[in-house]
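**Student:** Mind looking at a prediction? Sequence and model below.
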Amino acid sequence: MDPMHSLKRLLMGAVVLLYVVIQAWFIWPEYGHKLIYRYTISPARTLSHDMVLRNRMLTAGIDSQGHLTYISSGAWINSLASLNAPYVAFRNPMAHQKDIAERIVYDRTKVFREGSDITAVSFFGHAKSHPDIHISTSYSTSGPGTVLIRSDISSADRVTPVWVGDRLQTNTRGILFNVPGIGDITTGARDGIAPREPFVAMLGRANQVIGFFYIGNEVPPYFIYQENWIESVFPVTLSGRGTAGFVFTRVISIRSMTGMDYRKVGDSMYKDLLAARSGIRITASSYDIYSVRHTPVTYRVYVTNKRRGQRRLTSVILFTPTGIETTQPFTSLSESIGAGRTAEFSFRLKPVRGGDSYIYPAVIVDGTYMEGPWSHVFSNAPGWYTADMHNHSVYSFNPEDYPVRDMAEAGRAKGLDVLSLTDYNTFSQADACRAMSTQEFLCIPGEEIANPLWGHANAQFIHEKVYEFLSPQHWINEVHRQGGMFFINHPYLEMREWRDFNFKGYDGIEVLNGNKIAMDPVNVRAFDTWDKLNREGRHLYGIADSDAHTPYAVGTYRDYVYASSFTVPAIEQGFKKGRFYVSNGPMLSFTIDGAPMGSTVIVTRGAPIIVRAAYLPHAQSPEDASALQKIVIFEDGRILRTFVGSPVEFNYTPHRSGFYRVEVFTNNGGFAASNPLWVDLK
């Protein structure tokens with residue numbers, strides 16, 4: 001055989017093999033998802049080294065070192081990897097970058113059984129290098145979904161300054177923790193934060209919510225966080241022989257919830273705990289209220305006396321956001337509630353816009369003010385809906401990806417109305433995604449078109465797969481043939497950069513990507529390119545997406561989109577008209593001469609325009625406000641004016657045709673940016 005011919009065949013085979021290898025990474029999702037096996041630990045299969053704390057509604061594992069290793073209220077384990085019980089340090093952990101926790105040696109364990117269940121476990125031991133420091137921790141089940149944890153630390157012989165705390169660790173890096181009163185604690189450098197509320201709430205896998213409460217002692221003055229763990233820290237002086245030492249008691253409460261923002265679920269658990277300690281139970285007729293086209297609904301509040309003797313109820317108040325009208329939100333009265341008796345109160349609610357709202361009741365009993373749990377109100381009417389349009393499921397065939405159900409349930413638990421699953425180079429997740437839709441939640445399938453030669457892009461509102469083999473111009477044309485929208489994804493994200501912005505007809509750019517914080521250079525460069533292209537005469541929209549591969553990352557960024565109703569066609573039209581803005585939480589409004597964002601306003605040359613913008617802290621709930629830092633108005637991507645108050649209204653005479661947009665900053669890291677309004681001078 002001719003050697004040259006053999007060499008050509010060999011080279012051709014190598015090229016074909018290389019092409020197949022490269023493309024297999026992207027086309028594999030069509031078939032590979034069927035091979036993925038999800039192993040989760042359920043109450044029926046516990047870790048062999050764990051003692052199992054159980055009641056009918058809860059299972060928890062405690063290892064031989066006294067650490068809580070998991071807690072579950074369903075058929076699977078949530079994201080809790082470990083809770084130290086407790087940790088002790090002899091140097092200030094706030095001043096050291098490495099782990100300085102003392103090793104605890106447990107030499108005695110006591111177990112209490114009720115039937116076949118273990119309902120209490122106690123550990124007794126000492127600090128290895130300081131045997132005079134005695135430590136005990138007891139775990140017991142408390143109610144259908146809580147574990148009560150009490151730790152005692154004492155010194156037998158000497159006065160000793162120590163730092164005592166808990167380390168809560170998760171199975172997943174990058175999980176979001178929430179300290180009410182502060183906001184989300186995300187991954188990053190260590191930091192000390194003085195909390196204003198005494199608990200940590202976090203999202204477990206899918207729709208499980210864990211509340212972590214300190215009771216019977218002061219709130220930890222510091223939290224330390226890094227990657228996938230968070231510590232609470234108490235500076236304590238143990239006073240030696242004859243003293244009680246330091247005692248701190250915690251409650252871990254777990255609740256499965258669908259449809260309500262997990263922060264509200266965590267806050268409700270805390271309110272339940274505070275009310276229960278006062279012998280009062282505050283409940284509502286419904287925690288998920290649905291209304292169509294501003295239809296009034298009835299909401300009832302129940303106040304139950306759990307103690308002996310009469311209790312005097314003097315006030316019942318209902319707190320509502322600006323989007324809900326109610327008759328007589330405050331009731332002043334003087335009513336006695338007997339032991340074990342319940343008083344009932346009715347309120348008439350009328351949502352005045354579409355979308356999500358949150359309400360909660362409060363009462364004054366025997367002169368003590370107590371708040372009740374949150375209820376979620378969803379109105380299917382014209383209004384603003386929350387969407388996260390770039391996420392992945394197991395169909396993307398990455399080792400970290402999760403089933404469609406987990407991603408959808410996490411979206412609902414994060415307070416999203418719309419979640420789009422855009423798996424790599426596949427549309428095979430479409431049926432599973434659509435099956436998760438309800439009257440209050442839409443799962444819309446899309447596709448992330450990925451090719452290492454060009455970059456990544458999102459195909460939205462499509463009906464069949466777009467093949468990734470050809471050029472981006474082919475992708476754009478095919479998406480539009482299907483009636484969809486085409487967005488360039490994370491154009492400056494490492495290893496996934498977009499190669500060429502000169503293609504014609506794409507609809508917008510992903511300006512906020514969930515792999516980076518809002519002001520990261522990757523996102524800032526995307527904003528700059530977006531403005532540059534619009535200055536060149538394009539009409540491009542900016543979109544924000546979480547790009548989540550795990551339930552914990554869903555909802556990091558979101559788009560608020562205005563739709564005439566809560567249907568896929570209406571949501572689609574809202575995006576196509578540019579009536580949406582990007583955010584990591586804050587809500588805003590922006591108009592020019594009364595026209596909404598995405599519009600083109602025709603103005604006579606020399607005539608002024610009226611610019612209005614506002615930060616809307618109370619649009620969804622009465623307690624979501626963060627202090628406004630500034631509102632910035634941009635003209636053609638350059639700062640026009642900056643304001644420190646809200647609302648903003650001013651007249652301005654443009655000297656040329658161009659585009660305007662607004663950005664909102666809050667003091668807790670909140671950020672939102674509108675889509676442009678174009679002004680055409682005639």
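**Tutor:** All right, it came through fine.
**Student:** From His5, how far out is Leu681?
**Tutor:** According to CB to CB, to the nearest Å, Leu681 and His5 sit 68 Å apart. The way it works is simple: take the backbone N, C-alpha and C, and place the C-beta from them, glycine included.
**Student:** Show me which of these two is the more surrounded one.
**Tutor:** Per other CB atoms under 10 Å, whichever of Leu681 and His5 has more neighbours is Leu681, with 15 against 9.
**Student:** Which residues are in contact with that one?
**Tutor:** For Leu681, the contact set (CB atoms under 8 Å, 6 or more residues apart in numbering) comprises Val603, Thr604, Arg605, Pro654, Arg656, Ser657.
**Student:** do that again at 6 Å, thanks
**Tutor:** For Leu681, the contact set (CB atoms under 6 Å, 6 or more residues apart in numbering) comprises Val603, Arg605, Ser657.
**Student:** next one: Met407
**Tutor:** Met407 makes contacts with Ser393, as judged by CB under 6 Å, 6+ apart.
**Student:** again, 8 Å this time
**Tutor:** Asn391, His392, Ser393, Leu419, Leu421, Ala548, Pro551, Val554.
**Student:** ok, the fourth one - how many residues close by?
**Tutor:** Spelled out, that is Leu419. Count around Leu419 with other CB under 10 Å applied: 31.
**Student:** Please apply the same query to the first one.
**Tutor:** Neighbour count of Asn391, defined by other CB under 10 Å: 34.
**Student:** Quick check: it touching Val418?
**Tutor:** No - here Asn391 does not reach Val418: they are 10.8 Å apart, not a contact under CB atoms under 8 Å.
**Student:** Relative to Asp166, how far out is Ala85?
**Tutor:** Computed with CB to CB, the distance linking Ala85 and Asp166 is 8 Å.
**Student:** Next SSE downstream of the helix or strand of the chain with the lowest mean pLDDT?
**Tutor:** Here the helix or strand of the chain ranked lowest by mean pLDDT, DSSP states H and E is helix 29-32, holding a mean of 34. Per DSSP states H and E, the first helix or strand lying C-terminal to helix 29-32 is strand 51-55.
**Student:** and the following helix or strand past that next one, how far from the chain's centre?
**Tutor:** Counting by DSSP H and E, the next helix or strand C-terminal to strand 51-55 is strand 58-62. On the basis of CA atoms, centre = their mean, to the nearest Å, strand 58-62 sits 25 Å off its chain's mean C-alpha point.
**Student:** So in that sheet, which strands flank strand 58-62, and in what orientation?
**Tutor:** If you go by DSSP bridges, strand 58-62 pairs up with strand 51-55 (antiparallel), strand 68-72 (antiparallel).
**Student:** Mind checking these for the one nearest to Val316?
**Tutor:** strand 51-55 (33.3 Å; CB to CB).
**Student:** How about the contacts made by Val561?
**Tutor:** Val561 makes contact with Trp384, Tyr385, Thr386, Ala387, Val418, Ile571, Gly574, Phe575, Arg579, Phe580, according to CB under 8 Å, 6+ apart.
**Student:** By neighbour count, which of these wins?
**Tutor:** Top of the contacts of Val561 by neighbour count (other CB under 10 Å): Phe580, with 28 neighbours.
**Student:** I'd say that residue and Tyr562 touch.
**Tutor:** Yes - using CB under 8 Å, Phe580 is in contact with Tyr562, at 6.9 Å.
**Student:** joint contacts of the two?
**Tutor:** Going by CB under 8 Å, 6+ apart, residues that sit against Phe580 and also against Tyr562 are Gly574.
**Student:** Let me know the secondary structure of the closest residue to Tyr615 other than its chain neighbours.
**Tutor:** Nearest residue to Tyr615, sequence neighbours excluded (CB to CB, 6 or more residues apart in numbering): Ser646, at 4.2 Å. Classification of Ser646 using DSSP: H, G, I helix; E, B strand; the rest coil returns coil.
**Student:** before we move on, what about Ala570?
**Tutor:** Of the three states, Ala570 takes helix under three-state DSSP.
**Student:** Check the gap between it and Asp431 for me.
**Tutor:** Ala570 is 22 Å from Asp431, by CB to CB.
**Student:** Counting neighbours around each, name which of these two comes out higher.
**Tutor:** Regarding Ala570 and Asp431, a neighbour count based on other CB under 10 Å identifies Ala570 as having more, with 17 against 10.
**Student:** quick one: contacts for that one?
**Tutor:** Ala563, Ser564.
**Student:** Mind giving me the packing neighbours of the helix or strand where Ile359 lies?
**Tutor:** Per DSSP H and E: Ile359 is located in strand 355-365. Under the contact criterion of 3 or more CB pairs under 8 Å, 6 or more residues apart in numbering; DSSP states H and E, strand 355-365 touches helix 262-277, strand 280-284, strand 297-305, strand 311-319, strand 368-371, strand 375-380, strand 383-391.
**Student:** and if we set it to 6 Å?
**Tutor:** strand 311-319, strand 375-380, strand 383-391 (3 or more CB pairs under 6 Å, 6 or more residues apart in numbering; DSSP states H and E).
**Student:** Export the last one to CSV, keeping only CA atoms.
**Tutor:** Taking Å, rounded to 0.1, in the frame of the first residue of the first chain, the C-alpha atoms of strand 383-391 are listed here in CSV:
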residue,chain,number,x,y,z
GLY,A,383,-47.8,42.3,36.6
TRP,A,384,-44.2,41.5,37.2
TYR,A,385,-43.0,37.9,37.4
THR,A,386,-39.7,36.5,38.4
ALA,A,387,-37.7,34.3,35.9
ASP,A,388,-34.4,32.6,35.8
MET,A,389,-33.8,31.6,32.1
HIS,A,390,-30.5,29.7,32.0
ASN,A,391,-30.1,26.6,34.2
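**Student:** Quick one: mean pLDDT over it.
**Tutor:** On average, the pLDDT along strand 383-391 is 96.
**Student:** okay, the angle between the next helix or strand after it and helix 262-277?
**Tutor:** Moving toward the C-terminus from strand 383-391, the next helix or strand (DSSP H and E) is helix 404-413. Angle of helix 404-413 versus helix 262-277, following axes from the mean of the first three to the mean of the last three CA atoms, to 10 degrees, is 70 degrees.
**Student:** Buried residues of helix 404-413, list them for me.
**Tutor:** For helix 404-413, a neighbour-count test (16 or more other CB atoms under 10 Å) marks Val404, Arg405, Asp406, Met407, Ala408, Glu409, Ala410, Gly411, Arg412, Ala413 as buried.
**Student:** pLDDT averaged over it - what is it?
**Tutor:** Helix 404-413 shows a mean pLDDT of 86 in the predicted model.
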